[in-house]
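Asks: Sequence first, predicted coordinates after that:
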Amino acid sequence: MIINLSKQREEYFRDWQSLDVLKHFDLSGKHTKTVLQELSSQQRLVVGTKEGKLEGLLEGDYTLDRVHVIKKIIEEMDENSLLVLPEEYKIPSPKARRELVYSTKGLLNLDSMHLRRRIIDQEIPSGQMLSAKRKQGRGWSDDENQVIERFQWAPERVYEVLFNYLNENEKLHNQTFVARSWRGKDKRRRVASFYRDILGTRIRAFQNLAYFKIGENILRKELRNKTRLRNGQPLNEEQLQNRKEKLKRYQPAERHLKPILDKLDCSIWDFIETHYETDRGTRRVMEVPSMTRPIERPRGFKFPKGKQLHQRMSYDIELFNIPLFEEGDLKSISEIWNLATECGSKDFRYRSRHYREEAHKGREDILFTKHAIAAYLSLITTVNNDYKETKHKKVIEHSPFLLPLKKTLDLLDIFEHRTLVLDHTDKDGLTNSTPNHTEIDSLLIDSWKVYPYNELCTTSQEVFKRNVGNVYNALFKFERI
């Protein structure tokens, strides 16, 4: 993601449109066909078909091969190349909703029989849910006290098996997938998408940058006044103690981040905070900043009628069934798949309703939004830091959300800033658009069919940091420094 530091905060996370891509290549104002022919003559165009010929793409004479395209991107694309995809990659907004929520064909089911048999290596009756005991790996050895690691339903193991299955099953190579799903003990379907995982990781990383810049001064002011700077609410003893511990943890920003921080537009609204917790910490309400938040208004400002929902500074996120256990407790392996959330964003309300054709069955699906994922990632760091410093007995050892490794981030930079999807259906002729979020998800999952799990993503924050190096320069590209 490219962040232009000369612009205001509300512009930082804006998705690129076709005009932005063409401007990047100094080709704005030209017809789509002219742009493609010009780039092709300069050998700066990669065509997303098996043949790789622009003439065939324009005339509709080509073969679709999603796996071949991913390999071609890795082998042929550089920073001066543009990727153009045929209209089969296009998933318009109305269809995107069906693909993500209403169509099981677009979901990679982590509870599927194919994956169960590969992980557990035993026949399981169709429709039978795995018990917590089985997911924890217990009872599968002659010695009852022995636990066999390969039978555990830990996220790393499940995703490794999923990637192997996609790699080996050629029948799935040209099928469009946009998300993954599983069911918890409440039998509600959970839906998570890789692109939302990455967006949540970015929100969490931006919070850190904001904290590097203004966090220390804010903590000192709040401790001195014993009130929250954001809304003036008084702080109780526990909240004051948490701020004291944060202040002890505070480290000045690394020297190479200073040019970024000096020009970064951020405020206290960019912090992720915990409001309260119940059920012994397994249920928490957290506040997460909006990615495209508006310019801050003075206190007492009233929004025009009907505009309030479009002017959100932050969202309240409620997390349930947080897997908070003592270190090494196998229960955390099964409990992680019961994690649930309620989110106030439009994304959650729009996509979480159950299948239209089966509205009378089951309960609403749970969609993990980017804000909920950012909240959970933040919570992992907070809880585990408390464990290290105060010898608190409980930790969060697992996450169902995927963190991108370097190869994925390289692909994502192409999909976000140097990719156009053609459309022949417009009455005015050939048009183009940048991939929407659902289309980016489908492209990212295409890469799962080519490369092994440990080359593309992880659920471990330690592995993620080791692989990408500087987290902030890996997740963001800063301009005008």
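Replies: Received, thanks.
Asks: Once you drop chain neighbours, what's closest to residue 194?
Replies: residue 444 (4.9 Å; Cβ to Cβ, 6 or more residues apart in numbering). Bear in mind the C-beta positions are built from the backbone N, C-alpha and C, glycine included.
Asks: right, and the one you found touches residue 407 too?
Replies: No - Residue 444 is beyond contact range of residue 407, at 11.0 Å (criterion: Cβ atoms under 8 Å).
Asks: ok, those two, which is more surrounded?
Replies: Taking neighbours as other Cβ atoms under 10 Å, residue 444 and residue 407 compare with residue 444 leading, 25 against 15.
Asks: how close does the more buried one get to residue 245?
Replies: Counting by Cβ to Cβ, to the nearest Å, the gap from residue 444 to residue 245 is 37 Å.
Asks: what does residue 207 give?
Replies: Taken as Cβ to Cβ, the span from residue 207 to residue 245 is 17 Å.
Asks: and the two? which has more neighbours close in?
Replies: More neighbours surround residue 207 than the other of residue 207 and residue 245, with 21 against 15 (other Cβ under 10 Å).
Asks: For the more buried one, which three-state class applies?
Replies: helix (DSSP: H, G, I helix; E, B strand; the rest coil).
Asks: who touches it in this structure?
Replies: 270, 271, 272, 289, 374, 378 (Cβ atoms under 8 Å, 6 or more residues apart in numbering).
Asks: Now intersect those with the helices, please.
Replies: 374, 378 (DSSP state H).
Asks: Export the contacts of residue 207 to TSV and append columns for distance to residue 15 and neighbour count.
Replies: Putting the contacts of residue 207 into TSV (distance: Cβ to Cβ, whole Å; neighbours: other Cβ atoms under 10 Å) gives the following:
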residue	distance to residue 15	neighbour count
270	19	25
271	24	21
272	22	25
289	17	25
374	17	29
378	23	22
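Asks: ok, so of the contacts of residue 207, who is nearest residue 329?
Replies: residue 378 (22.1 Å; Cβ to Cβ).
Asks: In contact with the closest residue to the closest one other than its chain neighbours, which residues?
Replies: In space, and not counting its chain neighbours, residue 378 is closest to residue 272: 4.3 Å by Cβ to Cβ, 6+ apart. Residue 272 is in contact with 203, 204, 207, 286, 287, 288, 289, 374, 375, 378, counting by Cβ under 8 Å, 6+ apart.
Asks: Now for these: which two are most distant?
Replies: So, the contacts of residue 272 by Cβ to Cβ: farthest apart are 204 and 287, at 13.3 Å.
Asks: Counting neighbours, go ahead and name the busier of those two.
Replies: The neighbour count for residue 204 versus residue 287, taken as other Cβ under 10 Å, is higher for residue 204 (23 against 18).
Asks: In this structure the more buried one contacts residue 372, no?
Replies: No - the criterion here is Cβ under 8 Å, and residue 204 misses it with residue 372 at 11.5 Å.
Asks: Which helix or strand contains the residue nearest to residue 278 when sequence neighbours are not counted?
Replies: Leaving aside its chain neighbours, residue 278 sits nearest to residue 284 (7.8 Å; criterion: Cβ to Cβ, 6+ apart). Element membership for residue 284 (DSSP states H and E) is strand 283-289.
Asks: Describe which strands that strand pairs with in its sheet and in which direction.
Replies: In the sheet, strand 283-289 lines up against strand 273-278 (antiparallel), strand 314-320 (antiparallel) (DSSP bridges).
Asks: Need the mean per-residue confidence for the longest one.
Replies: This points to strand 314-320. Regarding strand 314-320, the rounded mean pLDDT is 91.
Asks: Can you give the contact residues for it?
Replies: Taking Cβ under 8 Å, 6+ apart as the rule, strand 314-320 contacts 269, 275, 282-290, 293, 339-345, 371-372, 375-376, 379.
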